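S.K.: Build me a model from this:
(2 chains)
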There are 2 protein chains.
Amino acid sequence: MRTSIATVCLAGTLVEKLHACAEAGFDGIEIMDADLTAAYESPEEIRALCDRLGLTIDLFQPLRDFEGVDDATLADNLRRAKAKFEVMRRLGASMILLCSNVGTATISDRTTTANQLGMLADLAAEYSIDIAYEALAWGRYVDDYRDAWELVRLADRPNLGVCLDSFHVLSRGHDPAAIERIDADKLFFLQLADAPDMDLDVLSWSRHHRLFPGEGDFDLTRFLSHMLRAGYRGPLSLEVFNDTFRQTDAKRTAAHALRSLRWLFDRSAALNGWDDQQLAPPQPPRAIDFVEIAGEDLSAVEATLQQLGFAFGGRHRTKPVRLWQAGAARIILNEQRRTKDARLSGLGVEVEDAGAAAGRAHAIGAPAVFRRSSAGEYDLRGVEAPDGTEVAWNSRSAGDSWLPEFVGGAEDDSTASSLHGVVDHLNIAYPWQEFDEAVLFFRSVLALDAEPVAELPGPRGLVRSQVMRTPDGAVRLAMNLAPPTAPLQPRHIAIRVDDAVAAARAARGRGLPFLPIPSNYYDDLRARFGLEHAALDELRELDLLYDRDEQGAFVHFYTPTIDGLFFEIVERRGTYDGYGAASTPVRFAAQLHHTGRYTDDREQGEAARR
Amino acid sequence: MRTSIATVCLAGTLVEKLHACAEAGFDGIEIMDADLTAAYESPEEIRALCDRLGLTIDLFQPLRDFEGVDDATLADNLRRAKAKFEVMRRLGASMILLCSNVGTATISDRTTTANQLGMLADLAAEYSIDIAYEALAWGRYVDDYRDAWELVRLADRPNLGVCLDSFHVLSRGHDPAAIERIDADKLFFLQLADAPDMDLDVLSWSRHHRLFPGEGDFDLTRFLSHMLRAGYRGPLSLEVFNDTFRQTDAKRTAAHALRSLRWLFDRSAALNGWDDQQLAPPQPPRAIDFVEIAGEDLSAVEATLQQLGFAFGGRHRTKPVRLWQAGAARIILNEQRRTKDARLSGLGVEVEDAGAAAGRAHAIGAPAVFRRSSAGEYDLRGVEAPDGTEVAWNSRSAGDSWLPEFVGGAEDDSTASSLHGVVDHLNIAYPWQEFDEAVLFFRSVLALDAEPVAELPGPRGLVRSQVMRTPDGAVRLAMNLAPPTAPLQPRHIAIRVDDAVAAARAARGRGLPFLPIPSNYYDDLRARFGLEHAALDELRELDLLYDRDEQGAFVHFYTPTIDGLFFEIVERRGTYDGYGAASTPVRFAAQLHHTGRYTDDREQGEAARR
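M.R.: Residues are numbered from 1 along each chain as shown, chains lettered A, B, ... in the order given. Here you go, the predicted structure:
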């Protein structure tokens, strides 16, 4: 599989973009005409730089508004094309993208249009240039790839073929199956883009909201499979117009973009049953092995865990690392790190084959994590998530792997705690510019699925919440995206227990301060659910939050925030599968009111900008 | 006119919002249920605070999903409503907004639905509460205000009326004329929101993109006129769900919101011919009187003006202020200010009646500017734009007013310069959170119209460009909105001359360094327009930019950036009416490349955040 990317996906000057693409490991690029126009380097210099960087120029793009026009316009369009072919000769580019006419077409007749395409192809042939004709979703007469192919077939020139762009096909709901009816040698180019489902005009949707494969709602696996089965052997190229990627670090975006292609190709190879081209299969984790919190001094976190009912599980034999347990919920406190504030720094998950999961992640391009381990210690293989959180896989149970490295804890690890639970979910705040990358990471590397996005009003703006999870709910990560100007939300670890009311009483008995919930919230609960006075009084007394739907109920409470971190204890009654979203605005407001902070360790930088 | 605003328009806690509304000068507020729920203050405490602040609680909102349901659901809904009525009694609120059912309605029959509304009204009557029923644009059976009114009419209860929300009416394209057929005493409440024209699902459009009146594309003047003619005498209230206002300073948003209502009411009063309720009529300026640049040391700006061909017009008699002129283009350099960097700080415009224009601006709520003036000096009345730029009106010509205060310039002011021109346009960068406010300011205070928005790709993201202008083009302000993470664009002053090529040659002869334009740009010009070699060579030699359309052509060039400011010389051939937008991405890239800065004096703060 050869990989390519359009320069329009990235921020910066053309030279910066080329360096970013090469560094990420792309084989080639599509050069956007406007990027070349704004560059101080001549086409010859860009060509030489691409050579030096090992990048092929796979496509020059775009030529617009060419076909279906009157004779005078055609003559001028041929002149325009010729000037661009001359630039391409200097650039060493041998294929140009022709978008179907949006602005100047007045003739819908196929024979005329095909003839005009043929004239363009003949002119291009003098320069040894191929034309890849693409139906734009908003083309005036040609807005369907099947029509573009029909015109190419009619024109019948060896250097005229089609370009398929997943956005233009899938945004219109066109069935990609007919790609397989196109002659393989006429499939000149392939542009891939994902997008969220939106009910927006297709031009605005395309120009602002495209995403890299795996970040949106399009079925690109099927799309690419059709393309590959049809015999396409050119590069898989990305063309993603996105307001965020246009303004954020080009190197980071390029690395992230390449991971999306590797993931997508693997998925399509799997769908086609091409065993020799697949990576190890994705393994949705079956449980959370541990959660790690790092910081210079974690005594405040430790005190909170103790008050919640966690039991001390021992010190690590060789490192300043301690374990706390509450049944199957294992939290590792790591004071090796030189970060001042406590932060959620690691996540271990159980899978069938940890080596295969790690190998797959590395093949996709996730950065490997190297943990210093001493002889005789269990080696966990892991990678780094976009925010720096380390994710590690384990094929064995904790007790059968790393747990014995901790000594001096309560005798029987799993029963010494007065609290018994499992990690229900983690909630990780992401800054806006890393959010899409994180969706891709958790989908491609941890094999999690995306739930529909929720938008939750907070006192400093709407918070976008995206849960990534296994189908059975054993692993759930909620990613919160705060507005660009707001400080990052604190992160939290939610522990699921059988009886949250009892857990709250016991924790209060041990002196745990709770996040205080406003009394008005309970008046609202009464209105919404008609709870009995006794039940309501108990919730109010214990600062518990409550939700209910047809599947069951959710009872939960929060600890105060320590640095950028807090804990939640949750109880799921019946088959309740949500996260109490209706109460979340109250939690946001309470945290802002009570902690004065609403943030994690990035607060300093964020605050400075206001 | 009584004014009101929904708490959901603003960021912060409920108490912060109430203070902001009172400080801005609103008469009342709508309290959003969720804002009260998240507040630590009891309903009685909120009531007392509103009393103390002089705010009436005009509406409690919303009650949802009530009507058109089966009997069991109805019973539960009445129980829900009763619980909210009890909260309202504690709050001292006597009107509740009922939105048409979106989620639970199963019965479309009008008689049943009207009966259920009647039952709600009877329950509310026990609490002396009025119900204002509103058709949501996405209501299941009731999505048109005419249907809501029909149901209210059928239910026939004294305490049941309709609430009209401009968004729900105009987003669906419903004709607001039928408002006048509603009984005046049944028009219980009015919510106003503007919005940009968008082809987006109406729910997302409503939840994220509403704007204050005067900032979008809705004809609210006509809408409000119908409401007033129908006999509505309640408050004009704003309900604007907007992602930006939800996260930015509540006090600033509230002040800005109130200005939008004052402007709108004036426009509707004018449409209805109610002379006694109108402000002085808007006066689109007939010319630009002067542009002012402020800074501690403006010698570099002065050198550039001299090289461009401006003539020194004298020093002010009493202040460290100097004048430079090029024909009718007058630039005042003001070194009174203690800002380190040069910045575009003031704009004078000529109108028929400066006193009336200033009076109108003050009545709308624009902050007045007090200029220290010595005895015998001409007094210019002005206001401050959202970014701090001072705008001043003059009814006389410069020569007949303030110009004589400058002494020691070239003999004949208007002919001493070798450059002759007028100010064609100003380009002012706005940070994202002030952009909408600026649109309203220039529309309401300077009587400028908004051109359609353009989006221009730059190396650090898309730049949104909105031109505000007089119909004749005598005054044109281009506002550029950079992405939140990008530094602000530099601002610039464009001078229109008869012959930009000659002006460029002359300026180059005087040693002016130009913003160098990449050679590739001229290859692209050749492709686009088929210019002759000689013409192209001249453009290339002089770093001139070029555009052409059916109306004419545009030739222009830029000076390098001094601090956050640069100059442009433009020539409009034929009736060309644009700004060379096709070349703008090249200019962005060139400025980033050459100045290393791309910014104004806010750069420090902006850079710190990255």
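S.K.: Strands along the stretch 301-450 of chain A, start to end?
M.R.: For the stretch 301-450 of chain A, applying DSSP state E, counting those that start in this stretch gives strands covering A:311-316, A:321-326, A:329-334, A:343-350, A:368-369, A:381-384, A:390-394, A:406-408, A:422-430, A:449-450.
S.K.: contacts for the last one?
M.R.: Which is strand A:449-450. Around strand A:449-450, the neighbours that count as contacts under CB atoms under 8 Å, 6 or more residues apart in numbering or on different chains are A:439, A:443, A:466, A:467, A:468, A:469, A:470, A:471. Heads up, the C-betas are built off the backbone N, CA and C, glycines and all.
S.K.: can you put the strands of the stretch 301-450 of chain A in CSV and add mean neighbour count and mean pLDDT?
M.R.: Below are the strands of the stretch 301-450 of chain A laid out as CSV (neighbours: other CB atoms under 10 Å in any protein chain shown; pLDDT from 0 to 100):
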stretch, mean neighbour count, mean pLDDT
strand A:311-316, 20, 95
strand A:321-326, 24, 95
strand A:329-334, 22, 96
strand A:343-350, 23, 94
strand A:368-369, 14, 90
strand A:381-384, 21, 93
strand A:390-394, 23, 95
strand A:406-408, 15, 92
strand A:422-430, 22, 94
strand A:449-450, 14, 96
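S.K.: Pipe the ones you listed into JSON lines and attach distance to residue B:195 per row.
M.R.: Below are the strands of the stretch 301-450 of chain A laid out as JSON lines (distance: least, CB to CB, whole Å):
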{"stretch": "strand A:311-316", "distance to residue B:195": "56"}
{"stretch": "strand A:321-326", "distance to residue B:195": "50"}
{"stretch": "strand A:329-334", "distance to residue B:195": "47"}
{"stretch": "strand A:343-350", "distance to residue B:195": "40"}
{"stretch": "strand A:368-369", "distance to residue B:195": "47"}
{"stretch": "strand A:381-384", "distance to residue B:195": "42"}
{"stretch": "strand A:390-394", "distance to residue B:195": "43"}
{"stretch": "strand A:406-408", "distance to residue B:195": "59"}
{"stretch": "strand A:422-430", "distance to residue B:195": "29"}
{"stretch": "strand A:449-450", "distance to residue B:195": "29"}
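S.K.: Which one of the ones you listed lies nearest to residue A:300?
M.R.: Residue A:300 lies closest to strand A:329-334 among those, at 10.7 Å (CB to CB).
S.K.: What pairs with the closest one, parallel or antiparallel?
M.R.: Take DSSP bridges as the rule and strand A:329-334 pairs in its sheet with strand A:287-294 (parallel), strand A:321-326 (antiparallel).
S.K.: any chance of the ones you listed in JSON lines, plus distance to residue A:207?
M.R.: Formatted as JSON lines, the strands paired with strand A:329-334 follow (distance: least, CB to CB, whole Å):
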{"stretch": "strand A:287-294", "distance to residue A:207": "40"}
{"stretch": "strand A:321-326", "distance to residue A:207": "49"}
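S.K.: On the strand side of things, show who whichever residue of the stretch 351-500 of chain A sits closest to chain B bridges to.
M.R.: Using CB to the nearest CB, residue A:461 is the residue of the stretch 351-500 of chain A that sits closest to chain B, at 3.1 Å. Residues in a beta bridge with residue A:461, per DSSP bridges, are residue A:458.
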